[in-house]
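# Build the 3D model from these lines:
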Amino acid sequence: MLYQLYETQRALMEPFSDLASFAAKSLSNPLSLVGQSPFSQRLSASYDLMHRLGKDYEKPEFGIRTIGVDGVEVAVHERIEVKKPFCDLIRFKRLTDDAATLDKIKDQPVVLIVAPLSGHYATLLRDTARTMLQDHKVYITDWKNARLVPLSEGEFHLDDYVNYVQEFIRHVQAKYGNCHVMSVCQPTVPVLAAVSLMAARGEKTPVTMTMMGGPIDARKSPTAVNNLAMNKSYEWFENNVIYRVPNSFPGAGRRVYPGFLQHTGFVAMNPDHHAKSHYDYFKDLIKGDDVSTEAHRKFYDEYNAVLDMDADYYLETIKVVFQDFSLVSDSWDVKSPSGKIERVRPSAITTTALMSVEGELDDISGAGQTRAVHEICTGVVSSQQRHFEVPGAGHYGIFSGRRWREMVYPEVKAFIKGHQPAKLKAAAPSQTVAAPRARKPRATKRTDTAPTLFSAPVQKLVAVPAPAAKPKSAAKPVEKTVVAAVARPALEAVTAVAVERTLEVASLTVVQAETVSAVASPAVVIDVQATPVITSAEPAPAQATLALEPAKSAAAQQPAAKVSVKTAAKATVTAVKAAPAKAAPKAAAKKAPKAK
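Down below sits the predicted model:
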């Protein structure tokens, strides 16, 4: 019922807020008659303040269009890389046409910023992301307003948050090989759980983790936020702060912790500070201090924009982090997407460097709460751990504003750079051998002295394609040609001539009635042993090319084998270079006589 009453009141106030905005602009216009009255500036300031107090603040955009990298302006393109029901993973891609700048940003570390899901949008870290983009590739989690998520998408639990973080880490690692993780405020707990589970399974973990202002151990230096969560029971929160989304939103009927209640709680923590800030804004409007008034608008446009959180996630966070202290007591079990229950053990982390950042005046996460991460991550050696306390900084000062840019960021940048793995040199491309073409075989050149065909055993014979070559010397007209080597059981007649660094195949011309005809084959691969066996011939290729891999150098000194054909006929042996085989007319092969 409270949610419906709030929406009704907001709908009634909206037209009055718009009217106040119109009046403020009219009274501040020096060209209008009313703008020239003595009290126009004060009236304009009053209406402007009324408009800002009554307006509805929607989700702002990051609005990061360009950033400076070593004095060069670089364009920034914001895009969604992973889309989930309750969260999007956003990448800020930097673009430039400056060659030197492009080469530099290509090798910079990749940082995944996990934004808090505690009432504000991820745009609260706009200054954090803009500063990090100067020296890093940046991804950020953009959590969605639960009232805009239909019920058909199911519920969202704290375990789902942990699983989302693991999925995002794997996505970035798969793209770049490694990554660094930075968590601000609330997500320090689920991020530590996610990395612990990955380490326990033996998965690759981030190179570094930077924890900033988070309640790792809420028992230390408890603040007003901690006391409220610890002093009220789980049932009290469920009965008093959980409401259903009204019908006017896509997530109608979903149980949520409304954002307006969270905003009210934030303001109630420091009511005097916020009252003074608005009064100062009123005075700056009267004085015409545009710089101060614009700074006030930017801050409260972000601060007043809040989102609803799913009830299950909110209640489980209260119980795990602020009531049971499950993370530090080693009693937190997380359900994986597959349904497996796994115990969170931070001590399993061994290869991830760890840095914690705290604000001296932090009134949300007290002193020592974030630093406690070093006590439970016992697997990380002390040389890989770092703690930094920001003097004079409150909760927002450690990730936004001047102290973040001038004090915190240089420390974080140095920590990440100091643990960034050195870039591996690109491996030399391996030489590839083209697959042989069947119709264009040739004999490959040898790099050592070529042995004869019947010398010491060779390692392997392969056929390699090559263009045709002309014969070395003119030969007598031939009627039929046969290859002087046949693999497997049959061998007709073999002659091999060794020429320096070139394998040549002897063609045996038989001028006789009993000739052996054969059909040309595109390539022949022969594995020859030390002593060939000569048997009756089978139909063999008319011509083929043999290529030998290097054999023992001593084999080159052995003489070529002589072949005697029993059927008297004069044979002419002609040595020619390897050439592509040509098809010969088919003929019936007669039984070859035995060779001596």
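# which stretches of the stretch 1-150 of the chain form helices?
Assigned by DSSP state H, counting those that start in this stretch, the helices in the stretch 1-150 of the chain fall at 2-27, 40-54, 99-106, 126-132.
# Can you lay out these as TSV showing distance to residue 307 and mean neighbour count?
Using the backbone N, CA and C atoms, a C-beta is placed for each residue, glycine as well. Below are the helices of the stretch 1-150 of the chain laid out as TSV (distance: least, C-beta to C-beta, whole Å; neighbours: other C-beta atoms under 10 Å):
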stretch	distance to residue 307	mean neighbour count
helix 2-27	14	15
helix 40-54	20	18
helix 99-106	32	13
helix 126-132	16	22
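# Helices of the stretch 201-350 of the chain, start to end?
Counting by DSSP H, counting those that start in this stretch, the helices of the stretch 201-350 of the chain are 224-231, 234-240, 259-269, 271-287, 290-303, 311-317.
# Tell me the pLDDT of the residue lying closest to residue 93 once chain neighbours are set aside.
Distances taken as C-beta to C-beta, 6 or more residues apart in numbering put residue 77 closest to residue 93, at 4.6 Å, once the chain neighbours are dropped. We have a pLDDT of 96 for residue 77.
# Would you mind confirming that residue 77 makes contact with residue 90?
No: Residue 77 is beyond contact range of residue 90, at 10.7 Å (criterion: C-beta atoms under 8 Å).
# Alpha carbons of stretch 123-132, as CSV, please.
Below are the C-alpha coordinates for stretch 123-132, written out as CSV (Å, rounded to 0.1, in the frame of the first residue of the first chain):
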residue,chain,number,x,y,z
THR,A,123,26.1,5.9,-13.0
LEU,A,124,27.1,6.8,-9.5
LEU,A,125,30.5,5.6,-10.6
ARG,A,126,30.7,7.8,-13.6
ASP,A,127,33.7,9.7,-12.3
THR,A,128,35.3,6.4,-11.4
ALA,A,129,34.9,5.0,-14.9
ARG,A,130,35.9,8.3,-16.6
THR,A,131,39.2,8.4,-14.7
MET,A,132,40.0,4.7,-15.2
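# Residues contacting that stretch, please?
Residues outside stretch 123-132 that contact it (C-beta atoms under 8 Å, 6 or more residues apart in numbering) are 59-64, 67, 92, 111, 113, 115-116, 138, 140, 182, 184, 302-303, 305, 399-401, 404-405, 409.
# now the residues you listed: which count as buried?
Among the contacts of stretch 123-132, the ones that count as buried by 16 or more other C-beta atoms under 10 Å are 59, 62, 64, 67, 92, 111, 113, 115-116, 138, 140, 182, 184, 302-303, 305, 399-400, 404, 409.
# ok, for residue 234, nearest residue in space, not its chain neighbours?
residue 319 (5.5 Å).
# which of residue 77 and residue 90 has more neighbours?
residue 90 (20 against 11; other C-beta atoms under 10 Å).
# looking at it, the more buried one is touching residue 79, isn't it?
Yes: at 7.1 Å, residue 90 and residue 79 qualify as touching, with contact defined as C-beta under 8 Å.
# Out of the helices of the stretch 1-150 of the chain, which gets nearest to residue 422?
helix 99-106 (14.8 Å; C-beta to C-beta).
# From the contact counts, what lies against that closest one?
Under the contact definition 3 or more C-beta pairs under 8 Å, 6 or more residues apart in numbering; DSSP states H and E, helix 99-106 sits against strand 66-69, strand 72-83.
# In CSV: those strands, plus distance to residue 161.
Output for the helices and strands packed on helix 99-106, formatted as CSV (distance: least, C-beta to C-beta, whole Å):
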stretch, distance to residue 161
strand 66-69, 29
strand 72-83, 15
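# Check those strands for me and report the most buried one.
A comparison of those by mean neighbour count, using mean count of other C-beta atoms under 10 Å, puts strand 66-69 on top with a mean of 16.
# Relative to that one, what are the paired strands and their orientations?
Paired neighbours of strand 66-69 in the sheet (DSSP bridges): strand 72-83 (antiparallel).
# how far does stretch 65-84 stretch from start to finish?
End-to-end span of stretch 65-84 (C-alpha to C-alpha, to the nearest Å): 25 Å.
# Residues touching it, excluding its own?
62, 64, 88-96, 98, 101, 104-105, 130, 133-135, 139, 142, 164, 167-168, 171.
# Pull the distance from it to the chain's centre.
From the chain centre to the centre of stretch 65-84 is a distance of 17 Å (C-alpha atoms, centre = their mean, to the nearest Å).
# can you check stretch 269-287 too?
With C-alpha atoms, centre = their mean, you get 45 Å for stretch 269-287.
# Please apply the same query to stretch 182-193.
How far stretch 182-193 lies from its chain's middle: 20 Å, per C-alpha atoms, centre = their mean.
# Quote the end-to-end distance of it.
Its start and end residues considered, stretch 182-193 measures 14 Å (C-alpha to C-alpha).
# what is the mean pLDDT for that stretch?
Here stretch 182-193 scores 96 as its mean pLDDT.
# Which residues does stretch 142-153 contact?
59, 80, 85-90, 115, 117, 121-122, 156, 245, 249-254, 256, 259, 307-310.
# how far does it stretch from start to finish?
Its first and final residues considered, stretch 142-153 spans 17 Å by C-alpha to C-alpha.
# can you start the count at 41 instead of 1 from here on
That works, and once the first residue is 41, the last one we named lands at stretch 182-193.
# Okay, buried residues for that stretch please.
Buried residues in stretch 182-193, counted by 16+ other C-beta under 10 Å: 182, 183, 184, 185, 186, 187, 189, 193.
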